[in-house]
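Chemist: Build the 3D model from these lines:
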Amino acid sequence: MKAFRVLTIALTLLAWSAIASSQEPFTAGTWHVLRTAPPSPVAHMMLLTDGSVLVNSFFFTTHTDNWYRLVPDSTGSYINGHWVNAGSAPAGYNPLYFASEVLPSGQVVIIGGEYNNGSAVWTTLGAIYNPHTNTWTSLAAPAGWSTVGDAQSVVLPNGKMMLANCCTVQQAILSSLSPVTWTSTGAGKFDVNDEEGWTLLPSGKVLTVDAYVFAYNPSGTNSEIYTPSTGTWASAGSTIKQLWDSCGGSTGASYEVGPSVLRPDGTVIWTGANGCGTGHTAIYHTANATWTAGPDFAPGLDIADGPAALLPNGNVLLDTSPGIFGTGSKFYEWDGTTMNLTTAPPLAPSDSSYVGNVVCLPTGQVMFTDFSSSVEIYTPSGTYQAAWQPTVTSVASTLTHGTVNNVITGTQFNGLSQCAAYGDDNQSATNWPLVRITNSTTGRVVYTRTHKFSTMGVATGAKSVSAQFDIPGAIGLGASTLEVVANGIPSAAIAVVIN
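Modeler: This next block holds a predicted model:
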């Protein structure tokens, strides 16, 4: 329900104070502008399994949808990284606000779009990006669907992508890419999918907060949970505070809901949009499947679509702005107790939350775009707890350059969360492992291409998991260290030799 954003986007392109936490004083993070700007204004981002960041150009008109990759430099720095061309989506497909996922193969799926070539059409077009060949191919939507639009999606623990139809109660699972096969799922959904986000839980189930589109109830607080083993939805109880925007009545409400993020302690913070005043939040506790009221944002602020990201220190970075799509973004870190006001990127005074996008980097930083050519990286303070790290239990001590399908096993390779979220659409989850190799002599950092993950779950605990990785032929030889990184948190370094 963002059709009236066109004017707001055009205008944007033209143009609680910090409180100590209960344990230690809050220290704000810092922002750094990329040394090299992207070739054009950019929007959505996704981390690829080779450590590069896939980013699409932002042209809100009929235009070729160009994509780029930001490649870190030899020290692993994204601030000092460089841009390479990542091809173009199939002709005629230039979406804005769409579903997007990285598959266990390392391939990328994008599908739908509330806008396509600048028109509000809730398109069913889709595409697959193959990073091995740097090419895009078309992907058909589920049979019989007339819309996909600004859809939510998630990769389930079994590695299959589940997709919503924005404007109905339909969902489908991408069962196969060869041939493309969609399987219907999701019986029992309370209301249509529009404006609702999905959060993957440690149980492998999927949580959503109802937005009451076409089921207007000015005090509705229902949430739902999807069980993959049965393919059904059931109520997950009341969020206590209303999180969707009902201001303006059934014909004037935006129905927007904010992003949600699973934290290491098993709680999910779900943020709200409220055009009538203050935005609320609610906390879902996975340990006992209950909701408690969360803190309100400062008066006038909410997240009517917008980004959030889990930081390595366990805090959640949140991008708020006034009312529904108002400008003047304020950034907060939620530490589980307090909403701490933090620093903001340079264009925040002219931004609304909905123009922001974030992705979690393997350095523990967060990359941010806002439809402009200014791209920033947020470096938080603090660090992770040792219990949150991946652990490596088995990998060859001698690895050969240019080889593929090297096996690595261990625990918590998928991290404790999907890490990043954006309202209902623009998914940029990173709950899968990267393998980072650092040459002990030169210090050169290389991310190998990972794939064939044994699970795409989150917070898998002591369960043994595995992945495969391909070693570049141009990697430096000799003594090195190897780490598995998930959501910006590395394992202990393992000594290896590259021969």
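Chemist: which one's the longest strand in the chain?
Modeler: Counting residues, the longest strand found in the chain (DSSP state E) is strand 478-486.
Chemist: list the buried ones in it?
Modeler: If you call a residue buried by 16 or more other CB atoms under 10 Å, then strand 478-486 has these buried ones: Ser480, Leu482, Glu483, Val484, Val485, Ala486. From N, CA and C alone the C-beta is placed, and that goes for glycine too.
Chemist: Within the sheet, what are the partner strands of whichever helix or strand comes after it, with directions?
Modeler: Using DSSP states H and E, the next helix or strand after strand 478-486 towards the C-terminus is strand 489-490. If you go by DSSP bridges, strand 489-490 pairs up with strand 478-486 (antiparallel).
Chemist: I would like the residues contacting the partner strand, please.
Modeler: Contacts of strand 478-486 with the rest of the structure, by CB atoms under 8 Å, 6 or more residues apart in numbering, involve 362, 390, 392, 395, 399, 408, 410, 412-415, 430-441, 467, 490-498.
Chemist: so for it, what's the average pLDDT?
Modeler: What strand 478-486 shows for mean pLDDT is 98.
Chemist: Also stretch 249-269?
Modeler: Averaging pLDDT along stretch 249-269 yields 96.
Chemist: Can you mark which positions in that stretch are buried?
Modeler: 253-264, 267-269.
Chemist: Between the two ends of it, how far is it?
Modeler: 26 Å (CA to CA, to the nearest Å).
Chemist: before we move on, what about stretch 91-109?
Modeler: Stretch 91-109: ends 16 Å apart by CA to CA.
Chemist: likewise stretch 486-499?
Modeler: End-to-end for stretch 486-499, by CA to CA: 26 Å.
Chemist: buried stuff in that stretch?
Modeler: Neighbour-count burial for stretch 486-499 [16+ other CB under 10 Å]: Ala486, Asn487, Gly488, Ile489, Pro490, Ser491, Ile494, Val496, Ile498.
Chemist: residues contacting the fifth one?
Modeler: The contact partners of Pro490, by CB under 8 Å, 6+ apart, come to Pro362, Gln389, Pro390, Arg436, Glu483, Val484.
Chemist: Pipe these into a markdown table and attach distance to Tyr216 per row.
Modeler: Shown next, in a markdown table, are the contacts of Pro490 (distance: CB to CB, whole Å):
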| residue | distance to Tyr216 |
| --- | --- |
| Pro362 | 43 |
| Gln389 | 46 |
| Pro390 | 45 |
| Arg436 | 49 |
| Glu483 | 50 |
| Val484 | 47 |
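Chemist: From start to finish, how long is stretch 44-56 in a straight line?
Modeler: End residues of stretch 44-56 are separated by 6 Å (CA to CA).
Chemist: meant to ask about stretch 102-120
Modeler: Start to finish, the residues bounding stretch 102-120 are 26 Å apart (CA to CA).
Chemist: Any chance of TSV for the buried residues of stretch 486-499, columns distance to Phe371?
Modeler: TSV is the format used below for the buried residues of stretch 486-499 (distance: CB to CB, whole Å):
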residue	distance to Phe371
Ala486	29
Asn487	25
Gly488	24
Ile489	30
Pro490	32
Ser491	36
Ile494	41
Val496	42
Ile498	41
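Chemist: Max pairwise distance over those residues: which two?
Modeler: Asn487 and Ile498 (25.8 Å; CB to CB).
Chemist: still on that earlier bit, and the buried residues of stretch 249-269, which two are the farthest apart?
Modeler: Ala253 and Pro264 (34.4 Å).
Chemist: How many neighbouring residues does the residue nearest to Asp210 when sequence neighbours are not counted have?
Modeler: Excluding the flanking residues, the one nearest Asp210 by CB to CB, 6 or more residues apart in numbering is Asn222, at 4.6 Å. Look at Asn222: counted by other CB atoms under 10 Å, it has 17 neighbours.
Chemist: so Asn222 touches Thr208, yeah?
Modeler: No. Look at Asn222 against Thr208 with CB atoms under 8 Å: they stay out of range, at 9.7 Å.
Chemist: pLDDT score for Thr8?
Modeler: Looking at Thr8, the pLDDT reads 42.
Chemist: re the thing from before, buried only: go through the contacts of strand 478-486 for me.
Modeler: Neighbour-count burial (16+ other CB under 10 Å) applied to the contacts of strand 478-486 gives 362, 390, 392, 395, 399, 408, 410, 412-415, 430-440, 467, 490-491, 494, 496, 498.
Chemist: which ones among those are found in strands?
Modeler: 392, 399, 408, 410, 434-439, 467, 490, 494, 496, 498.
Chemist: need the helix or strand of this protein with the lowest average pLDDT.
Modeler: Here the helix or strand of the chain ranked lowest by mean pLDDT, DSSP states H and E is helix 5-14, holding a mean of 40.
Chemist: picking up where we left off before, report the inter-axis angle for the longest strand of the chain versus strand 434-439.
Modeler: Relative orientation of strand 478-486 versus strand 434-439 (axes from the mean of the first three to the mean of the last three CA atoms, to 10 degrees): 160 degrees.
Chemist: all helices of the stretch 151-300 of the chain, in order?
Modeler: With helices called from DSSP state H, counting those that start in this stretch, the stretch 151-300 of the chain shows them at 249-252.
Chemist: can you give me the strands in the stretch 201-350 of the chain?
Modeler: Ranges of strands in the stretch 201-350 of the chain, per DSSP state E, counting those that start in this stretch, are 206-209, 222-227, 232-238, 260-262, 267-271, 281-285, 290-293, 301-302, 307-310, 316-322, 330-334, 339-341.
Chemist: still on that earlier bit, which single one of the buried residues of strand 478-486 is nearest to Trp182?
Modeler: So of the buried residues of strand 478-486, ranked by how close each gets to Trp182 (CB to CB), first place is Ala486, at 28.9 Å.
Chemist: ok, the spatially closest residue to that closest one that is not a sequence neighbour to Tyr226 distance?
Modeler: Of all residues not flanking Ala486 in the chain, Gly415 sits nearest, at 3.5 Å (CB to CB, 6+ apart). Remark: distance between Gly415 and Tyr226 (CB to CB, to the nearest Å) = 21 Å.
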